[in-house]
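Novice: predicted model and sequence follow; I will ask about them next.
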Amino acid sequence: MEFAIIQTGGKQYSVSKGDTISIEKLTGEYKEGDKVVFDQVLLWDNGKDTTIGTPIIEKASVKGTIVKIGRQAKIIVTHYKQKSRYFKRNGHRQHFFQVKIDELK
């Protein structure tokens, strides 16, 4: 089974053809159905040979299609200090892209 490890959004993902991954929002204008190319491939394995990048593999790329653009569930962040009447509460929803991997190259 062929797989690769890519880096995007400060995180690393192990992907193979047909996988669907949820990644951080990419900079730029994107909409659902757009093609994306991940060129920071750290490791590539085809079942027989393993290629490890130093730190990335030149001329290697992973192509995918954006399936969904959305926001994750709300996370409540609370700051509290006892005995001083200090209480703050903020909410945060992280943007994400759901990408289906089409090709490892």
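Specialist: Looks like it arrived, so ask away. Here the structure is a predicted model, which is why all the values come from computation and not from measurement. Residues are numbered from 1 along each chain as shown.
Novice: which strands and helices lie in contact with the helix or strand of the chain with the lowest mean pLDDT?
Specialist: When the helices and strands of the chain are scored by mean pLDDT, DSSP states H and E, strand 50-52 comes last with a mean of 93. Counting contacts by 3 or more C-beta pairs under 8 Å, 6 or more residues apart in numbering; DSSP states H and E, strand 50-52 is packed against strand 41-45. Every residue, glycine included, has its C-beta placed from N, CA and C.
Novice: could you export the strand it packs on as CSV, CA atoms only?
Specialist: Only the C-alpha atoms of strand 41-45 are listed here, as CSV (Å, rounded to 0.1, in the frame of the first residue of the first chain):
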residue,chain,number,x,y,z
VAL,A,41,6.2,15.6,1.4
LEU,A,42,8.3,14.4,4.3
LEU,A,43,8.2,10.6,3.6
TRP,A,44,7.0,8.5,0.7
ASP,A,45,6.5,4.7,0.8
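Novice: and it, which strands flank it?
Specialist: Strand 41-45 has these partner strands in its sheet, going by DSSP bridges: strand 3-8 (antiparallel), strand 50-52 (antiparallel).
Novice: distance to residue 34 and mean neighbour count for the ones you listed - can I get that in JSON lines?
Specialist: Shown next, in JSON lines, are the strands paired with strand 41-45 (distance: least, C-beta to C-beta, whole Å; neighbours: other C-beta atoms under 10 Å):
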{"stretch": "strand 3-8", "distance to residue 34": "15", "mean neighbour count": "20"}
{"stretch": "strand 50-52", "distance to residue 34": "28", "mean neighbour count": "11"}
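Novice: and these as CSV, adding distance to residue 86?
Specialist: Converted to CSV, the strands paired with strand 41-45 look like this (distance: least, C-beta to C-beta, whole Å):
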stretch, distance to residue 86
strand 3-8, 38
strand 50-52, 50
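Novice: quick one, which of those is nearest to residue 41?
Specialist: Taking C-beta to C-beta, strand 3-8 is the member of the strands paired with strand 41-45 nearest to residue 41, at 5.4 Å.
Novice: so how far is the closest one from its chain's centroid?
Specialist: Remark: strand 3-8 is offset 9 Å from the chain centroid, using C-alpha atoms, centre = their mean, to the nearest Å.
Novice: got the CA positions of the helix or strand just after that strand in CSV?
Specialist: Of the helices and strands lying after strand 3-8 in sequence (DSSP states H and E), the nearest is strand 11-15. Below are the C-alpha coordinates for strand 11-15, written out as CSV (Å, rounded to 0.1, in the frame of the first residue of the first chain):
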residue,chain,number,x,y,z
LYS,A,11,0.9,19.6,11.4
GLN,A,12,1.9,16.3,9.7
TYR,A,13,-0.6,13.9,8.1
SER,A,14,-0.2,10.3,6.9
VAL,A,15,-2.2,10.0,3.7
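Novice: cool, thanks, signing off.
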